[in-house]
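1. Sequence plus predicted model, see below.
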Amino acid sequence: MASVLRHSAKFTSGISSSLAACARNGTACAFPCHAFRHRNSSTSSKIRVDLDSSTGVAVMTLQGPPVNSMCMDFLTDFAISMEKLELDKNCRGLILTSAVPKVFSAGLDIMEMYGKGPEHATVFWRAVQEMWFKLYSSNMVTIAAVNGSSPAGGCLLALSSDYRIMADNPRYVIGLNEAQVGIVAPFWLKDNMVQTLGHRQTEKSLQLAQLYSAPDALKIGLVDKLVPEEKVLSTATETMAKWFSIPDHSRQITKSMMRKQTIDKFLSNRETDINNFANFVTKDSIQKSLGTYLAKLKKKKA
Ligand SMILES: CC/C=C\C/C=C\CCCC/C=C/C(=O)SCCNC(=O)CCNC(=O)[C@H](O)C(C)(C)COP(=O)(O)OP(=O)(O)OC[C@H]1O[C@@H](n2cnc3c(N)ncnc32)[C@H](O)[C@@H]1OP(=O)(O)O
């Protein structure tokens, strides 16, 4: 990551220190509290993180135009940012959003899977796993502020968060469309979707590679709330306050209890999953599918 967390706050006041203490202790605090803010910022080429220590909320903004695709740099920045936030006692909650107009994330960078050998596939897949694992198992309250289309890996970010708010725009789509690309969602992502949508809906969604418009995503429960685009981030902040009203320790234990089975299964099968991916994605037939899909994406523009 290009730069490190910078501490920009220069002062401490009675109010701000008690708010920061409030953030650390996990006790409820009324906000928005704009009065005295402690902000830490970190920027890499693909991701910007702004932590407001006075509220305990970090905003991670995906800023990799044109479509926030998840290349190796993106995945590395994401993992480092998550590690830092997880260790920061001032941070209780994370909001994920995008600075790229109309796109939350286009998912995995297909170029990282196309025309590459098994060694690259192994490293890349470990990084993809790590992104999901870090978010899915986070101690923080995680809210996806989905302000644009969010196919495949973009949907992964949303699904592994605790709560999903999406811009109310029928042109924005979200879902796991891997099968359309000629690839297959891994078991841990499938399990994550089953927990959110139930078995039957997941089976239909995955087999049909369905991308849902924002209103349809709300109908099936793939997102929790739709709001006008300009309110996505403010609604995420308001929602965070509600989640912060629960003591951290009991919410965290509850979260880990709910997610334990999926995490344990993932951890026990992690290496096999990496080998499967490397074998699968380097097959000629899969490379052909990826090539055809990429050509279609490019042709769309012409
Ligand atoms: C047993 C198990 C073993 C193996 C499992 C195997 C694989 C598992 C992987 C599962 C997990 C996740 C997978 C993925 O995420 S795959 C990626 C799927 N993503 C998509 O299908 C989205 C494709 N993109 C779009 O639909 C649109 O780009 C989008 C996001 C709606 C935005 O539209 P728009 O604003 O019009 O932008 P453009 O389409 O014009 O795109 C601009 C530019 O970006 C290129 N691009 C788009 N998406 C990707 C991508 N995902 N990777 C790489 N490049 C992408 C696009 O081609 C354009 O490029 P150009 O050069 O023409 O400017």
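-> Sure, I can see it. All values reported here derive from a predicted model rather than from experimental measurement.
2. do the one helix or strand Ile80 maps to and the ligand meet?
-> Here Ile80, judged by DSSP states H and E, is contained in helix 72-87. No. Helix 72-87 lies out of reach of the ligand by C-beta under 6 Å from any ligand atom, never closer than 10.7 Å. C-beta: built from backbone N, CA, C; applies to glycine.
3. other SSEs contacting that helix?
-> If contacts are counted by 3 or more C-beta pairs under 8 Å, 6 or more residues apart in numbering; DSSP states H and E, helix 72-87 sits against strand 47-52, strand 57-62, helix 118-136.
4. how about a cut-off of 6 Å?
-> strand 47-52, helix 118-136 (3 or more C-beta pairs under 6 Å, 6 or more residues apart in numbering; DSSP states H and E).
5. any chance of the ones you listed in a markdown table, with mean neighbour count and distance to Met82 too?
-> Below are the helices and strands packed on helix 72-87 laid out as a markdown table (neighbours: other C-beta atoms under 10 Å; distance: least, C-beta to C-beta, whole Å):
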| stretch | mean neighbour count | distance to Met82 |
| --- | --- | --- |
| strand 47-52 | 22 | 9 |
| helix 118-136 | 18 | 4 |
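6. Nearest to the ligand, out of these?
-> Proximity to the ligand (C-beta to the nearest ligand atom) singles out helix 118-136 among the helices and strands packed on helix 72-87, at 6.7 Å.
7. List the buried residues in stretch 49-66.
-> Buried residues in stretch 49-66, counted by 16 or more other C-beta atoms under 10 Å: 49-64.
8. wait, does that stretch make contact with the ligand?
-> Yes. Counting by C-beta under 6 Å from any ligand atom, the ligand is contacted by stretch 49-66 at Pro66.
9. who touches the residue of the chain found nearest the ligand in this structure?
-> Residue of the chain nearest the ligand, by C-beta to the nearest ligand atom: Gly107 (2.5 Å). Applying C-beta atoms under 6 Å, 6 or more residues apart in numbering, we find Gly107 in contact with Pro151, Ala152, Gly153, Gly154.
10. just checking, which of these belong to helices?
-> Gly153, Gly154 (DSSP state H).
11. Where neighbours are concerned, which of the contacts of Gly107 has the most?
-> Of all the contacts of Gly107, the highest neighbour tally under other C-beta atoms under 10 Å goes to Gly154, namely 29 neighbours.
12. before we move on, back to that, and the helices and strands packed on helix 72-87 as a markdown table, adding mean pLDDT?
-> A markdown table is the format used below for these (pLDDT from 0 to 100):
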| stretch | mean pLDDT |
| --- | --- |
| strand 47-52 | 98 |
| helix 118-136 | 98 |
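13. Could you dump these into JSON lines with distance to Lys231 added?
-> Listed next are these as JSON lines, based on distance: least, C-beta to C-beta, whole Å:
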{"stretch": "strand 47-52", "distance to Lys231": "19"}
{"stretch": "helix 118-136", "distance to Lys231": "23"}
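14. Show me the one of those that comes nearest Tyr293.
-> Counting by C-beta to C-beta, Tyr293 lies closest to helix 118-136 out of these; the figure is 16.9 Å.
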